[in-house]
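Novice: Here is the input, now give the coordinates:
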Amino acid sequence: MPTTEKIQIIDTLFDYYEFRIATEDDDRQFKQAKQKLLVERAALPIQLSTDTENSIIETNAAPPHHGPKPGMIRLGIFNNSALGAGVEIRLRPAYYDLLSPDIGHVADSSLAMLDLRAFVVDNQLHLRSLDLVNIETLNVARTPLPGDGGLAWKIKFGFETQSSGCSNCLAFNITGGIGKATRLSHQTIVFSMLELFAQSNANAAGLFGATARAGLLIAPNKNWKTLITVGQRTNFDGAKLSHPLIRWENRFGSSRDWDLRLTYEDLVERELQVAISFYW
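Specialist: Coordinates of the predicted model:
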């Protein structure tokens, strides 16, 4: 190879081995590899990249202040197979979800706190969920280099109803999950996750259970992002109910101030919802 290309490759490997040394418990092999690179680099001349052909090309990532605003209020109308037509109000002081534009935060992840959902049916106000903390990351590798990426994981605790069509089955729930995600293309990620949960025994639904799910996250362009999830939710005790899960979520628009959401969910009951989100 020409000397300039050798230098670029060695400089890139320096950064890669520094990354592996910082993230691996047993880093001896990476330290040895870095030492060999130092010897190799010392035999090459100093290079000042002044011409366009040999300069490093930087990606035009949007600056963090162009990302979504952290606070959100969402107003939606829905039709539920058990409840009928209604209105949902959602308030989330912070921060973002899997469908948010990946600007200014960890991509392909969700971090929500004090996420409150309430709905009105027949002039009655009901609480649907209150996520005190909800963190999920797909942890997708950004490069084909070994060691990049890792396991997908999730942790959530708060209050939620047993299904979308239930108005008096609120339970405290703690959920933890582990899985794996793979990037199929620049726009598409596929993932699977196994979640275990413990909950208060609302309506004799049981104290423990699991949800196995697989998903597809697609972002065809900046104005549309969609998440399709299928799986099975099973309670280990109590009524020992097992239900299939289907969920399809869409975000339309890329403004920092608002977007449109279209969601279909099938978990015990079926529900279709259209909502508009405002951010501050």
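Novice: Please make it C-alpha for all contacts and neighbour counts, starting now.
Specialist: Will do.
Novice: which residues of the stretch 51-200 of the chain fall in strands?
Specialist: Assignment of strands within the stretch 51-200 of the chain using DSSP state E, counting those that start in this stretch yields the ranges 72-80, 84-92, 94-96, 109-121, 124-137, 152-161, 170-183, 188-199.
Novice: In a markdown table: those, plus mean neighbour count.
Specialist: Formatted as a markdown table, the strands of the stretch 51-200 of the chain follow (neighbours: other Cα atoms under 10 Å):
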| stretch | mean neighbour count |
| --- | --- |
| strand 72-80 | 18 |
| strand 84-92 | 18 |
| strand 94-96 | 19 |
| strand 109-121 | 19 |
| strand 124-137 | 18 |
| strand 152-161 | 20 |
| strand 170-183 | 19 |
| strand 188-199 | 19 |
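Novice: Could you export the ones you listed to a markdown table, including columns for mean pLDDT?
Specialist: Shown next, in a markdown table, are the strands of the stretch 51-200 of the chain (pLDDT from 0 to 100):
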| stretch | mean pLDDT |
| --- | --- |
| strand 72-80 | 98 |
| strand 84-92 | 97 |
| strand 94-96 | 93 |
| strand 109-121 | 96 |
| strand 124-137 | 96 |
| strand 152-161 | 96 |
| strand 170-183 | 95 |
| strand 188-199 | 97 |
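Novice: who wins for proximity to Lys6 among those strands?
Specialist: strand 170-183 (29.4 Å; Cα to Cα).
Novice: what's the angle between the closest one and strand 124-137?
Specialist: Relative orientation of strand 170-183 versus strand 124-137 (axes from the mean of the first three to the mean of the last three Cα atoms, to 10 degrees): 40 degrees.
Novice: which other helices and strands contact strand 170-183?
Specialist: Applying 3 or more Cα pairs under 8 Å, 6 or more residues apart in numbering; DSSP states H and E, we find strand 170-183 packed against strand 124-137, strand 152-161, strand 188-199.
Novice: Try it again at 10 Å.
Specialist: With contacts defined as 3 or more Cα pairs under 10 Å, 6 or more residues apart in numbering; DSSP states H and E, the packing partners of strand 170-183 are strand 124-137, strand 152-161, strand 188-199, strand 208-221.
Novice: Which one of the strands of the stretch 51-200 of the chain lies nearest to Asp27?
Specialist: Comparing those by Cα to Cα, strand 152-161 comes nearest, at 23.2 Å.
Novice: Give the pairing partners of the closest one; include direction for each.
Specialist: Its sheet considered, strand 152-161 pairs with strand 124-137 (antiparallel), strand 170-183 (antiparallel) by DSSP bridges.
Novice: For it, C-alpha coordinates in PDB please.
Specialist: The C-alpha atoms that make up strand 152-161 are tabulated as PDB, following Å, rounded to 0.1, in the frame of the first residue of the first chain:
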ATOM      1  CA  ALA A 152     -29.900  -5.100  23.800                       C
ATOM      2  CA  TRP A 153     -31.500  -4.500  27.200                       C
ATOM      3  CA  LYS A 154     -34.500  -3.000  28.900                       C
ATOM      4  CA  ILE A 155     -35.500  -1.900  32.400                       C
ATOM      5  CA  LYS A 156     -38.800  -0.400  33.400                       C
ATOM      6  CA  PHE A 157     -40.700   0.100  36.600                       C
ATOM      7  CA  GLY A 158     -44.000   1.900  37.300                       C
ATOM      8  CA  PHE A 159     -47.800   1.300  37.100                       C
ATOM      9  CA  GLU A 160     -49.700  -0.100  34.200                       C
ATOM     10  CA  THR A 161     -53.000  -1.800  33.400                       C
END
